[in-house]
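Q: Structure of the sequence below:
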Amino acid sequence: MLLDIVGSRVRYAVLLTLAKAYKLKVPVSPRAIVRVFGLNIPNTYSFMRKLVEVGLIMRTGSKYMLTEKGAKLVDFVLELVPKLNDGFDELRATMPETMYYVVEPKYKEWFGVYKPLVMVDKALRNRDILVGGNYVIVYVSFRGKVFKYDWDRYLSLASVEQAYADLISYDDQWISYIPDILLNLFRLDVEEVLKRATYEGRRRLATALAYYETFLGRKVPLRTDVYSLLDEKLLDDMIAFVTPLLIDERGLRVWKL
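A: From the prediction side, this is the model:
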């Protein structure tokens, strides 16, 4: 394992990200590495300065890339990437952790076929890097996206609110995730989900919340006026899909088809 060999999360994160980025011919932002891997800022910049001093990386604007000398490390580093046979080994082997993240529903109250979304920085849109198959690839701007590297799974994962925002915005089966949100209003920052969703995603969730409030007579404490975003074209499907979830006399308890 690379982490065992280099003995430091900082060295692991920097070397792994730089090696993958070199294969794609893209520079790496140290700020992004710090944010995604949750690293100590001074230690990260200190290590990267040392790599510059010994000629292993070079600066390009505010980002960094491996030099020809540093490129000799690429195969060594990538050979040590863990393989977990969970359907995401392609990501672990090829994608810089700062340029993708996996979207997973946290609560999974719904029933149906689940195929994860993998959000990829739109800068890589035309690279034909990923084969996919076990997941759906969505290319988007990464500005403002919230995701972190999971040190147990060796994957970049969306935050809970970012995940639901992406699911209701980009997943063809977006309505399947509405029960997750409605059943877990007390656990989720719904305002944050609305903020991070696309305009279409906000209208979908707002319509569900408006119907929830109307059906149960319970106000969801939000700053956003969900009725101003309500999409009447979605109401028939929402009523058919969400009503079974709401009919329990105590409100939201168990959802069954």
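Q: how near is the residue nearest to the spatial centre of the chain to Val34?
A: Centroid-nearest residue in the chain: Ala158, 2.8 Å away (criterion: C-alpha atoms, centre = their mean). Ala158 is 18 Å from Val34, where distance means C-beta to C-beta, to the nearest Å. For glycine as for every other residue, the C-beta is placed from the backbone atoms N, C-alpha and C.
Q: my read: the residue nearest to the centre of the chain touches Lys106, true?
A: No. Judged on C-beta atoms under 8 Å, Ala158 makes no contact with Lys106 at a distance of 9.7 Å.
Q: tell me the secondary structure for Val102?
A: Under the three-state scheme (DSSP: H, G, I helix; E, B strand; the rest coil), Val102 adopts strand.
Q: what sits against it?
A: By C-beta atoms under 8 Å, 6 or more residues apart in numbering, the residues touching Val102 are 88, 91, 116-119, 135, 155-158.
Q: ok, of those residues, which one's closest to Met48?
A: Ser156 (19.6 Å; C-beta to C-beta).
Q: out of everything not next to it in sequence, what's closest to the closest one?
A: Distance criterion C-beta to C-beta, 6 or more residues apart in numbering; nearest residue to Ser156, sequence neighbours excluded, is Tyr101 at 4.2 Å.
Q: same thing with Met95?
A: Lys20 (6.3 Å).
Q: Pro82 touches Ala93, doesn't it?
A: No. Pro82 lies out of contact with Ala93 (C-beta under 8 Å); the separation is 9.7 Å.
Q: is it true that Asn43 lies in a strand?
A: No. Read with three-state DSSP, Asn43 is helix and lies in no strand.
Q: Identify the residues contacting the residue nearest to it when sequence neighbours are not counted.
A: Counting by C-beta to C-beta, 6+ apart, Val10 is the residue found nearest to Asn43 once chain neighbours are left out, at 5.0 Å. By C-beta under 8 Å, 6+ apart, the contact list for Val10 reads 39-40, 43-44, 47.
Q: please redo it, this time with the cut-off set to 6 Å
A: 39, 43-44, 47 (C-beta atoms under 6 Å, 6 or more residues apart in numbering).
Q: which one of these is nearest Asp171?
A: Leu39 (30.9 Å).
Q: With adjacent residues omitted, what lies nearest to the closest one?
A: The nearest residue in space to Leu39 (C-beta to C-beta, 6+ apart) is Val10, at 5.5 Å.
Q: Do a quick rundown of the strands in the stretch 151-257 of the chain.
A: 155-158 (DSSP state E, counting those that start in this stretch).
Q: All set now, cheers.
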